[in-house]
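Asker: I'd like to go over a predicted model; first the sequence, then the structure.
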Amino acid sequence: MSNIRGLPWRSPVFVAALLAGILAYTALAVALARARKPWNDEAMSASAGYSLATRGYLANPLFDENDPAMRGIHRHVYYILPGQMIIMALWYRIVGFSLFTTRVLSMLWTAILFCALYRLVRILSSNAMLALLATALTALDYQIVSAASFGRYDTMVAALGFSAYALFLSLRERKFTLAVVGANTLVAAAAFTHPNAVVYFLGLWFLILFYDWRRIRVTQVALAALPYLIGGAALGWYILQDIPDFKAQILGNTGHRVGLFHPVQSIIDEIQVRYMAAYGLASYLPGHAPPFVRVKAIALLGYLAGVAGCLLTPSIREQAGFRVLLMLTGVHFLFFTLYEGMKFNYYLVHMLPFYLSLLAVFVYYLWSRRPVLKLAVAGGVAVIVAVGVGGALMRVHVNDMGNAYDPAVAFVKQHAGPNDLIFASSSFGFGYGFRPNLVDDISFGLFSGWRPRFIVMEEIYEGNAQLSQINAPAVDAHYRKLMADYRVVYNNGSYKVLERSTAN
């Protein structure tokens with residue numbers, strides 16, 4: 001493949017494409033952040049980050065401490081790692097607290113991910129336009145834009161992990177020790193945000209050993225270990241504040257997370273849940289018409305074409321940089337297929353940049369080596385981009401924030417007094433406010449004995465009520481008995497508000 005030499009900024013085509021990509025990504029992410037309803041994962045982290053920013057300690061007052069899995073949650077947050085919540089606390093002190101500012105932080109982490117991906121592909125390919133194509137395809141992918149407009153910690157972990165790869169490859173020839181230590185520091189920061197950072201540790205040390213196994217020394221390994229030891233010591237000190245609370249919370253949030261314990265099922269779930277469901281080939285998204293959802297499978301076919309094309313084309317596979325890209329993709333794929341057991345589509349942010357980069361490599365190869373296919377290649381890329389952008393625009397059009405969430409919040413605000421107890425998902429707090437009378441209790445008062453005036457039922461509560469029939473018979477029995485005393489007073493299709501019909 002031909003290389004583009006000199007400063008790519010001198011190319012008007014490069015600059016125009018870069019600006020167009022930035023504007024398209026920003027517009028889509030902001031519009032989607034404004035239109036999609038909040039989710040529990042966002043609220044749980046945001047509530048703890050806000051507590052740290054305003055009270056000086058990590059806590060989540062939304063949960064019921066009577067639940068054994070939430071023991072001590074009003075004093076310490078142990079069930080998730082603290083990295084994102086600490087950054088959130090600093091962010092909220094600067095820009096203020098809201099759902100939108102929470103999501104803007106995720107957008108910024110995603111932008112850092114794009115910069116790191118561009119640098120990574122630029123180094124491995126020695127081709128600025130190919131790197132830009134890989135980054136643009138990633139930035140306009142539906143799942144990536146969705147992650148960027150969502151206040152979870154996945155984008156932070158991915159940004160730090162890809163930055164570690166890019167930093168090491170950028171500095172390894174000139175400042176090897178700094179490259180090793182700096183890259184491991186970034187991975188350590190990711191590791192104290194979410195356990196999925198393990199994949200970046202594996203990927204980084206694959207790069208170090210692949211390129212420089214002859215250069216690595218004990219001193220450099222010891223220096224690289226320092227950020228992990230420092231972070232581990234800080235986390236250990238925090239855990240020692242209340243070991244019983246730590247044990248209770250961590251045990252309640254670690255079940256079924258290691259796929260190695262059931263490898264065959266893990267592989268099946270990887271295909272069915274992570275990919276087929278996320279791309280419309282299996283039931284996943286309530287409220288969306290199956291024919292439209294299945295269109296997303298076109299993007300999945302594009303990923304497969306890119307990976308297969310690179311693997312089956314000798315001139316691509318045998319080029320050193322692309323071979324490294326393929327092997328790094330393999331490290332991530334094996335980790336999420338065989339080890340990570342939850343199979344959330346949120347975690348695609350750790351895989352899709354690789355798939356889309358390989359697609360960019362294959363597209364560039366066909367464009368430059370097979371001129372007769374240029375029209376077909378351009379059309380294929382346009383369709384894949386249209387699917388990603390169209391999916392985001394469809395989500396904006398649905399506007400479940402304005403059409404479902406906001407009206408439900410308004411109803412509860414209008415009818416609930418300040419002392420009326422409300423059971424609702426944590427996400428309800430963004431609109432209603434993180435008030436003392438709002439409690440997130442998926443046991444519906446089994447452990448506390450509380451009987452709220454209102455219960456707000458939506459996807460999460462409905463899903464937990466159904467799962468309790470299989471996994472928690474005590475909760476199921478309590479829920480069925482409780483429901484006999486409640487009536488639906490509001491229903492917009494996505495949110496139902498139930499009110500207690502007696503004074504008991």
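Answerer: Received the coordinates, thanks. Nothing here was measured: the structure is a model prediction, and the numbers come from that model. Residues are numbered from 1 along each chain as shown.
Asker: Would you enumerate the residues in contact with His74?
Answerer: Contact analysis of His74 by CB atoms under 8 Å, 6 or more residues apart in numbering lists Ala59, Asn60, Pro61, Phe63, Glu65. In short, each C-beta sits where N, CA and C put it, glycine included.
Asker: tell me the centre residue of the protein?
Answerer: Nearest to the mean C-alpha position of the chain, counting by CA atoms, centre = their mean, stands Asp154 at 3.3 Å.
Asker: Surely that one is in contact with Asn345?
Answerer: No: assessed by CB atoms under 8 Å, Asp154 is found out of contact with Asn345, at 10.2 Å.
Asker: got the contact list for stretch 186-199?
Answerer: So stretch 186-199 is contacted by 80-84, 153-154, 156-157, 160-161, 163-164, 167, 200-201, 204, 227-228, 230-231, 235, 257, 331-332, 335-336, 339-340, 347, 350 (CB under 8 Å, 6+ apart).
Asker: mean confidence for that stretch?
Answerer: Stretch 186-199 shows a mean pLDDT of 97.
Asker: Do me a favour and get the end-to-end distance for it?
Answerer: 13 Å (CA to CA, to the nearest Å).
Asker: Neighbours of Glu42, how many?
Answerer: 20 (other CB atoms under 10 Å).
Asker: Contact partners for it?
Answerer: Leu99, Thr102, Arg103, Phe150, Gly151, Arg152, Ser427, Phe430.
Asker: how many neighbours does the nearest residue to the fourth one once chain neighbours are set aside have?
Answerer: I take that to be Phe150. Spatially, and ignoring its direct neighbours in sequence, Phe150 is nearest to Ser106 (6.1 Å; CB to CB, 6 or more residues apart in numbering). If you count neighbours by other CB under 10 Å, Ser106 ends up with 24.
Asker: quick one: the strands in the chain?
Answerer: 422-423, 438-439, 454-457, 486-491, 496-500 (DSSP state E).
Asker: Quick one: closest of the ones you listed to Trp213.
Answerer: strand 438-439 (54.4 Å; CB to CB).
Asker: Give me the distance between Gly21 and Asp141.
Answerer: 12 Å (CB to CB, to the nearest Å).
Asker: Between those two, point out the one with more neighbours.
Answerer: Asp141 (28 against 19).
Asker: residues touching the more buried one, list them.
Answerer: Ala299, Leu352, Leu356, Gly388.
Asker: Sketch out the low-pLDDT regions of the stretch 401-504 of the chain for me.
Answerer: Scanning the stretch 401-504 of the chain for pLDDT under 70 picks out 503-504.
Asker: Which segments of the chain make up each domain?
Answerer: 8-35+98-216+255-398, 401-500 (automatic domain parsing).
Asker: mind listing the helices for the stretch 251-400 of the chain?
Answerer: 263-269, 290-294, 297-312, 314-317, 320-334, 352-369, 374-398, 400 (DSSP state H, counting those that start in this stretch).
Asker: unless I'm mixing things up, the residue nearest to Phe150 is touching Ile144, no?
Answerer: No: using CB under 8 Å, Ser106 is not in contact with Ile144, being 11.2 Å away.
Asker: re earlier: the helices of the stretch 251-400 of the chain: lowest mean pLDDT?
Answerer: Among those, helix 290-294 carries the lowest mean pLDDT (a mean of 68).
Asker: Return the residues in contact with the closest residue to Phe333 other than its chain neighbours.
Answerer: Distance criterion CB to CB, 6+ apart; nearest residue to Phe333, sequence neighbours excluded, is Met351 at 6.8 Å. Contact partners of Met351, counting by CB under 8 Å, 6+ apart, are Thr329, His332, Phe333, Phe336.
Asker: Out of those, grab the one that's most surrounded.
Answerer: Once you tally neighbours by other CB under 10 Å, Phe336 ends up highest among these, having 23 neighbours.
Asker: How much space separates that residue from Met483?
Answerer: Taking CB to CB, one finds Phe336 at 39 Å from Met483.
Asker: now swap in Gln220 and tell me
Answerer: 62 Å.
Asker: Then Gly21?
Answerer: 50 Å.
Asker: before we move on, what about Arg370?
Answerer: Taken as CB to CB, the span from Arg370 to Met483 is 63 Å.
Asker: Over to Tyr495?
Answerer: Counting by CB to CB, the gap from Tyr495 to Met483 is 17 Å.
Asker: out of the two, which sits in the more crowded spot?
Answerer: Tyr495 (24 against 14).
Asker: Quick check: chain neighbours aside, which residue is closest to the more buried one?
Answerer: Nearest to Tyr495 is Ala408, by CB to CB, 6+ apart, at 3.6 Å.
Asker: Phe428 now?
Answerer: Once chain neighbours are set aside, the closest to Phe428 by CB to CB, 6+ apart is Val456, at 5.7 Å.
Asker: correct me, but the one you found touches Gly429?
Answerer: No: counting by CB under 8 Å, Val456 does not reach Gly429; the two are 10.9 Å apart.
Asker: rewinding a little: among the contacts of Met351, which two are most distant?
Answerer: Thr329 and Phe336 (11.0 Å).
Asker: mean confidence score for stretch 97-112?
Answerer: Mean predicted lDDT for stretch 97-112 stands at 98.
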